[in-house]
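J.: Below are the sequence and a predicted model; questions follow.
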Amino acid sequence: MTTTHETAANETAFRSSLSVLATATATHNTGRDDDITLPKLPGFVESAFSPLAYEVSSRCLTARPGDGDRTAVALVTLAGDTTTADLASRRMVSGRVHNPLLFMQATANSVLGHMSREFGITGQMFSLSTLDDPLTELLAMADLLLEDPELDRVLVLGVELGGGERVAAVHRELAAAHSGRPIPALPESAGLAAAVLLGRPGDDDNTDADAGAQVPIRSTGSTGQVKQLGSIQGLFDLATAHAEASTETETSTHAHQ
């Protein structure tokens with residue numbers, strides 16, 4: 001049995017930050033200038049969820065190739081692939097023939113399996129759903145996973161989709177049950193995703209200029225604004241900020257050469 005004192009002692013031994021090795025963001029049908037055309041994934045249809053997840057993950061893993069045996073992945077999403085779930089249920093209610101692809105891709109783990117095959121990842125893979133801050137949850141998960149000496153990196157990512165009226169109704173119920181805190185709102189066909197590849201500070205493989213960026217593990221608390229339930233915006237902002245910082249560093253380096 002672990003005592004409170006032992007738990008506190010263990011927590012003080014945890015690292016305070018993680019190295020940011022690579023970041024990526026992607027949006028689809030949001031009306032932003034940088035919206036992307038969804039990549040085609042074999043076996044995945046209709047929904048933007050899996051293509052967006054794969055897009056941001058592949059950018060990170062391509063930018064910083066590594067040992068798939070020593071890489072773990074954690075994906076967070078409030079309601080998962082709402083497009084697929086809504087489409088499959090509407091087909092069932094209308095009496096139409098079931099599409100086995102919709103059944104397969106309905107869980108977030110499906111795209112993780114595809115990523116595992118494409119990039120040779122055999123480390124742990126997790127799908128999370130939370131009404132709290134997804135960024136905080138992902139950083140804590142990455143920190144815990146990196147206690148395993150057989151892991152060097154953790155890819156954390158989040159995906160958020162819009163939805164139809166039935167999805168909006170579920171969101172209203174969740175908001176009402178949690179003191180009226182707002183739910184992420186996107187146009188029905190829109191989606192956004194973000195990914196951050198994390199490592200231990202000071203690891204020999206993480207000593208280049210890009211890996212100098214650090215993210216604190218437990219200082220992502222509220223800034224005083226009313227947070228949206230389960231929104232990945234914090235993760236998206238983190239990925240964007242580090243991408244911009246990396247670009248500025250590269251520009252400065254080239255200017256001095």
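T.: Sure, I can see it.

J.: hey, which strand is longest across this protein?
T.: strand 17-28 (DSSP state E).

J.: Name the strands paired with it and say parallel or antiparallel.
T.: Strand 17-28 sits in its sheet next to strand 191-199 (antiparallel), strand 214-216 (antiparallel), going by DSSP bridges.

J.: Relative to the whole chain's centre, how far out is the shortest one?
T.: If I follow you right, that is strand 214-216. In terms of C-alpha atoms, centre = their mean, to the nearest Å, the centre of strand 214-216 is found 16 Å from the chain centre.

J.: what comes up buried for it?
T.: Under the neighbour-count criterion of 16 or more other C-beta atoms under 10 Å, strand 214-216 has Val215 buried. C-betas here are computed from N, CA, C, even on glycine.

J.: So which residues lie in contact with that strand, not counting its own?
T.: Here strand 214-216 makes contact (C-beta atoms under 8 Å, 6 or more residues apart in numbering) with Ser16, Ser17, Leu18, Ser19, Val20, Leu139, Val196, Leu198, Pro201, Leu238, His242.

J.: And the fourth one, how close does it get to Asp35?
T.: The gap separating Ser19 from Asp35 is 30 Å, by C-beta to C-beta, to the nearest Å.

J.: Same question for the fifth one.
T.: Val20 sits 24 Å away from Asp35, going by C-beta to C-beta.

J.: Give me the phi and psi for the residue nearest to the spatial centre of the chain.
T.: Nearest residue to the geometric centre of the chain (C-alpha atoms, centre = their mean): Leu157, 1.6 Å. Main-chain dihedrals, Leu157, degrees, to the nearest 10: phi -150, psi 160.
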